[in-house]
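Student: pasting the sequence and the predicted model now:
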Amino acid sequence: MGHDAFAHHGLGSAALMLISALHQRPHQTVGELVATSSVSRATTYRSLRRLAEHGLAHRTGETWALAPRALEGIGTRLAAPATDLTPVPAQGWAEVAARLGTSGGAAHRKALHAAQRAAYRQALDRLTEHRSKAVVIVRDGRQVLVPAPRPDEIPPAWHNADGRVLDPATGRAAPDWRVATDGRLILITPADQRSYDELAAAHAQALSEWESAA
């Protein structure tokens, strides 16, 4: 299936299913092939005609069979063709792919996927470079990973017990800022005059309502 001959614009996967069905049981009618290959009737007709064009399959009366070396992509020309087609025998799957214009498709896809994976790894590396590196300390003989503080975290000395943010320069509380229990900064804009406790209560109520609705 990975060969260029069976690419989307080549013989296609349906032809591979028909080849497998005819290999398992030669001389099948179109109706039988629809059942044994699980390919639709219209696609079966179209794929059989394409296989016949390359001498890979032949029709005798109402039944179809593979050429002797069809599994190798080598077609044969019948001495007295049973159809109105004039097959040009193929000499291998590579020649079939070349005739159908799908040569090199698999290699192109592999190169494209490799380039995409490389670009993805580069993007991950760039993201990693922007992350703060954690600190590893040794405690009781074990290595303990201490994550670096996030940009919205502030040192404990910069806020008081009430959650008010202290200006490092003046030591006074900044009226528009609060500190959450996880150490993250919360900005209270002039449009929102609620206190930190009111915001925390509103958040708890919203969570309760969400869980009740769920």
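Tutor: Sure thing, it's come through. Here the structure is a predicted model, which is why all the values come from computation and not from measurement. Numbering: from 1, shown residues only.

Student: by contact count, what packs against the top helix by length along the chain?
Tutor: In terms of residue count, the longest helix belonging to the chain (DSSP state H) is helix 105-130. Packed against helix 105-130, as judged by 3 or more C-beta pairs under 8 Å, 6 or more residues apart in numbering; DSSP states H and E, are no other helices or strands. For every residue, glycine as well, the C-beta is placed using N, CA and C.

Student: okay, angle between the helix or strand containing A94 and helix 105-130 too, please.
Tutor: Element membership of A94, judged by DSSP states H and E, is helix 93-100. For helix 93-100 against helix 105-130, the angle by axes from the mean of the first three to the mean of the last three C-alpha atoms, to 10 degrees is 90 degrees.

Student: what residues sit buried inside helix 93-100?
Tutor: Residues of helix 93-100 classed as buried: W93, E95, V96, A97, L100 (neighbour count, 16 or more other C-beta atoms under 10 Å).

Student: for the residue nearest to L22 when sequence neighbours are not counted, which residues are in contact?
Tutor: Using C-beta to C-beta, 6 or more residues apart in numbering and skipping the chain neighbours, the partner closest in space to L22 is L66 (4.8 Å). By C-beta atoms under 8 Å, 6 or more residues apart in numbering, the contact list for L66 reads I19, L22, H23, P26, L56, A57, H58.

Student: pLDDT at the last one, what is it?
Tutor: Reading off the per-residue confidence, H58 sits at a pLDDT of 90.

Student: identify the bridge partners of it.
Tutor: A65 (DSSP bridges).

Student: my guess is it contacts A70, does it?
Tutor: No - assessed by C-beta atoms under 8 Å, H58 is found out of contact with A70, at 9.4 Å.
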